[in-house]
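Participant: Okay, here's the prediction I keep looking at, along with the sequence it came from:
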Amino acid sequence: MQSTISCGLRQLKLTQLPRPSSGNLRHSANRLFLQQHQESAATSSNAACASQGGAGSGGSDLSPPEQHEVLEPLPTTFPPPPPSGSEHPGWADDVWASPLNISRRIWCNRSLNMRRIKAIGFDMDYTLAQYRPETFEKLAYHLTVDNLVKTFGYPKVLYDFQFDWRYMQRGLTIDKKRGNILKVDRHKYVKLAFHGFKPLSREERRATYSGVEQFDFDEPDFALIDTLFSLAEAHLFMQLVELGDAQPDAIPAGKQPADLYRDVRTAVDLCHRDGSLKRAVAADPAKYIHSDPRLVACLEMLRDSGKKLFVGTNSLWDYTHVVMNFLLTGRVGPDRNEDWLEYFDVVITGSGKPAFFSQKKPLFEVHLPTGMLQNTEGGNPVVPIVDADLPRLEYGSSAPKGLTAQEKGQRARVFQGGNYVDLHKMLGVHAGSEVLYIGDHIYGDILRSKKTLGWRTMLVVPELETELGTLATRRSAMVRLQGLRQQRDALDDQIQRLSWAARGQMAGPFPASSTESHQPLQQQQQQQQQRSGTGHLQALLADLLRQRDEVREQHRQQLKEHHEAFHEVWGQLLKTGYQNSRFAHQVERYACVYTSHVSNLSFYSPEKSYRGRMDAMAHEPEPFMDNLSAS
Ligand SMILES: Nc1nc2c(ncn2[C@@H]2O[C@H](COP(=O)(O)O)[C@@H](O)[C@H]2O)c(=O)[nH]1
Ligand SMILES: [Mg+2]
């Protein structure tokens, strides 16, 4: 299928766009569920969420949105919606004994025994809540453009830009200074590079990134697109780079790509802080967030298994309350209540990750009726000196224990800020390895919590569902590709050995020396034979070179087609060429397990022992594509 997506200044053709792979059953069930939510949302869309204020990335006033752009719905959704209730097998059902749908599986890098896990933490945004990029990221994009024009003096021509949420891919690296965007493999080799939307030739790539200077591709000169929140800003940055190249007068005078990047970053930051984005979501959550009918069952199952559950989000209470109500009770607007807190033992909002994992920031308790913050010290209340107007909270005598919900049906207490020491105390955990944290941000959620605290980690990669769907259709192509690669390597090896052998012969008695006629007859005959042998060798070599070139071209072409089946521009998410991508490398190193949706946990026993694949070194036989068949 051919469709066209616009990248602002350029049109890009996609032969096959990422799309959900599962069948209609799920979609109709989802539609039904969504319909219910949309109906209740419609009756309450004017309701405001109480404003809580406060510092932090999610600071917002969630009163009804001012008029914001009406976004036309797109036919496909990405990330795809999570599994619906109808797909989930009942407890006693023999379906529990059958292999799991590949897109629902949890993949293990490092063994994880859930029996050892005492507490499970959930990031909220893009983890529990899967945003719909076609509406949410599009809105973020337009608000950012608006900020650039109104606050940073960019020209109104930016309003003509179009956002294509499918163009960018998580894991790409932005080269701020050069205005390039790169796909880098695990060895930090730049395999794909674009300046704006213009591809760099191989020579340009090599000259820039494979010279004497060794790049680490990290801040401050580079930025990794390590969360789906960054897709819009990456796209907008590239559009500005292209605009600056094509019409230097169209961007504010003297701005270099790094300045453009900084402006875009600040403008994005602003729309997350000023409430504009969050007000829109609060008014109509179903428009921006996928519902996940499996989530409640998943949380109940985990809690029933005796584990403590907590939320650790950088969003503040007001927004967290909006999103969690929608996700867990389907409540929106004035119907929102605090029932959703029953699924958790502790809720930490405005957590300030990743500093939460290393610094000792103060912890505040949120007084839910007013949203006001009350100081605490290591989880214990600090009684205000003058407390007439401040809410009094009931505290248990032994603070840390009393601060978590003790029984089912009891509501979690809600905090803001704090640090891992407070949290460990409240959860009653004694080692980082007793905590499993589930997040979407490879650096802020996964890498830092694992490296600093030794928490066990689960990365949520919603794109994986589509990737796995495509991968499943590529089995025979992959077998062919592997065959071609082996053939090419074998031919290369033969050619290199033969060439070396030929050079040896050339350097010896061949070609004929001027003293040849004075040598004894026997020696002359030997040299004659060698000469004809070498001729044969050269012919053989030429033939091998011809074969190798053919196979190499076939391999190159098929590898390209293979990647284009995943994404026309960037290819397979976790691969760069035939190497693991830089993003894949991080996933492998820092995520103990990874999966497409949090609720996939509900398909496994809460006591499961996840086991990684056997490590394989280069000399060991390839366990060829066993991940496609393993359960
Ligand atoms: N101030 C900024 N806030 C941002 C930005 N990108 C995302 N966000 C907000 O962070 C939290 C993420 O919550 P979590 O549950 O994933 O921890 C959410 O409120 C986003 O709106 C940004 O660039 N600047
Ligand atoms: Mg998140």
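Facilitator: That came through fine. Ligands and ions are numbered 1, 2, ... in the order given.

Participant: Would you quantify the distance from Ala207 to ligand 2?
Facilitator: 38 Å (C-beta to the ion, to the nearest Å). Glycine gets a C-beta too; all of them are placed from N, C-alpha and C.

Participant: Now do the helix or strand hosting that residue, average pLDDT.
Facilitator: Secondary structure from DSSP states H and E places Ala207 in helix 202-209. Mean pLDDT, computed over helix 202-209, is 93.

Participant: And for stretch 367-377?
Facilitator: Average pLDDT, stretch 367-377: 86.

Participant: State the distance spanning the first to the last residue of it.
Facilitator: Between the opening and closing residues of stretch 367-377 lies a distance of 16 Å (C-alpha to C-alpha, to the nearest Å).

Participant: hmm, back to that, which secondary structure elements does the helix holding Ala207 contact?
Facilitator: strand 190-195 (3 or more C-beta pairs under 8 Å, 6 or more residues apart in numbering; DSSP states H and E).

Participant: If you drop the residues flanking it in sequence, what lies closest to Cys298?
Facilitator: Spatial nearest neighbour of Cys298, chain neighbours left out: Ser602 (3.8 Å); criterion: C-beta to C-beta, 6 or more residues apart in numbering.

Participant: Help me confirm that that neighbour comes into contact with Pro293.
Facilitator: No: judged on C-beta atoms under 8 Å, Ser602 makes no contact with Pro293 at a distance of 10.4 Å.

Participant: Report the buried residues of the helix holding Ala207.
Facilitator: For helix 202-209, a neighbour-count test (16 or more other C-beta atoms under 10 Å) marks Arg205, Thr208, Tyr209 as buried.

Participant: Contacts only, for Phe217.
Facilitator: The neighbours of Phe217, taking C-beta atoms under 8 Å, 6 or more residues apart in numbering as the test, are Thr173, Leu182, Val184, Lys188, Leu224, Arg582.

Participant: The closest residue to the last one other than its chain neighbours: how many residues sit nearby?
Facilitator: Closest residue to Arg582 in three dimensions, ignoring its sequence neighbours and counting by C-beta to C-beta, 6+ apart: Val184, at 4.4 Å. Other residues within reach of Val184 by the criterion other C-beta atoms under 10 Å amount to 25.

Participant: Wait, a strand at Val184?
Facilitator: Yes: Val184 forms part of a strand when assessed by DSSP: H, G, I helix; E, B strand; the rest coil.

Participant: Return the per-residue confidence for it.
Facilitator: 95.

Participant: Next: Leu427.
Facilitator: Leu427 carries a pLDDT value of 93.

Participant: give me every residue that touches it.
Facilitator: So Leu427 contacts Lys118, Ala119, Lys308, Phe310, Asp345, Val346, Thr404, Val435 (C-beta under 8 Å, 6+ apart).

Participant: who in the chain is up against ligand 1?
Facilitator: The chain comes close to ligand 1 at residues 57-58, 123-126, 229, 268-269, 272-273, 313-315, 319, 353, as judged by C-beta under 6 Å from any ligand atom.

Participant: could you redo the last one with a cut-off of 5 Å?
Facilitator: Residues of the chain that fall close to ligand 1, judged by C-beta under 5 Å from any ligand atom: 57-58, 123-125, 229, 268-269, 272-273, 313-315.

Participant: Among these, name the ones that also lie close to ligand 2.
Facilitator: Asp123, Asp125 (C-beta under 5 Å from the ion).

Participant: Just send the residues of the chain next to ligand 1 back as JSON lines, with distance to Glu622 too.
Facilitator: As requested, the residues of the chain next to ligand 1 are exported to JSON lines (distance: C-beta to C-beta, whole Å):
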{"residue": "Ser57", "distance to Glu622": "44"}
{"residue": "Gly58", "distance to Glu622": "46"}
{"residue": "Asp123", "distance to Glu622": "35"}
{"residue": "Met124", "distance to Glu622": "40"}
{"residue": "Asp125", "distance to Glu622": "39"}
{"residue": "Phe229", "distance to Glu622": "37"}
{"residue": "Val268", "distance to Glu622": "43"}
{"residue": "Asp269", "distance to Glu622": "45"}
{"residue": "His272", "distance to Glu622": "45"}
{"residue": "Arg273", "distance to Glu622": "49"}
{"residue": "Thr313", "distance to Glu622": "41"}
{"residue": "Asn314", "distance to Glu622": "41"}
{"residue": "Ser315", "distance to Glu622": "44"}
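
Participant: export the residues of the chain next to ligand 1 to a markdown table and tack on secondary structure, pLDDT and neighbour count?
Facilitator: Converted to a markdown table, those look like this (DSSP: H, G, I helix; E, B strand; the rest coil; pLDDT from 0 to 100; neighbours: other C-beta atoms under 10 Å):
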| residue | secondary structure | pLDDT | neighbour count |
| --- | --- | --- | --- |
| Ser57 | coil | 42 | 17 |
| Gly58 | coil | 41 | 24 |
| Asp123 | coil | 98 | 27 |
| Met124 | coil | 98 | 23 |
| Asp125 | strand | 97 | 25 |
| Phe229 | helix | 93 | 20 |
| Val268 | helix | 96 | 23 |
| Asp269 | helix | 95 | 14 |
| His272 | helix | 95 | 22 |
| Arg273 | helix | 94 | 16 |
| Thr313 | coil | 98 | 28 |
| Asn314 | coil | 98 | 24 |
| Ser315 | coil | 98 | 26 |
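
Participant: low-scoring pLDDT stretches of the stretch 301-450 of the chain, where are they?
Facilitator: 378-408 (pLDDT under 70).

Participant: OK, now which residue of the stretch 451-600 of the chain is nearest to ligand 2?
Facilitator: Val460 (8.3 Å; C-beta to the ion).

Participant: From ligand 1, how far out is that residue?
Facilitator: Applying C-beta to the nearest ligand atom, to the nearest Å, the value for Val460 to ligand 1 is 10 Å.

Participant: What count of nearby residues applies to Leu139?
Facilitator: With other C-beta under 10 Å as criterion, Leu139 counts 25.

Participant: Sticking with it, tell me its helix or strand.
Facilitator: Assigned by DSSP H and E, Leu139 falls in helix 136-152.
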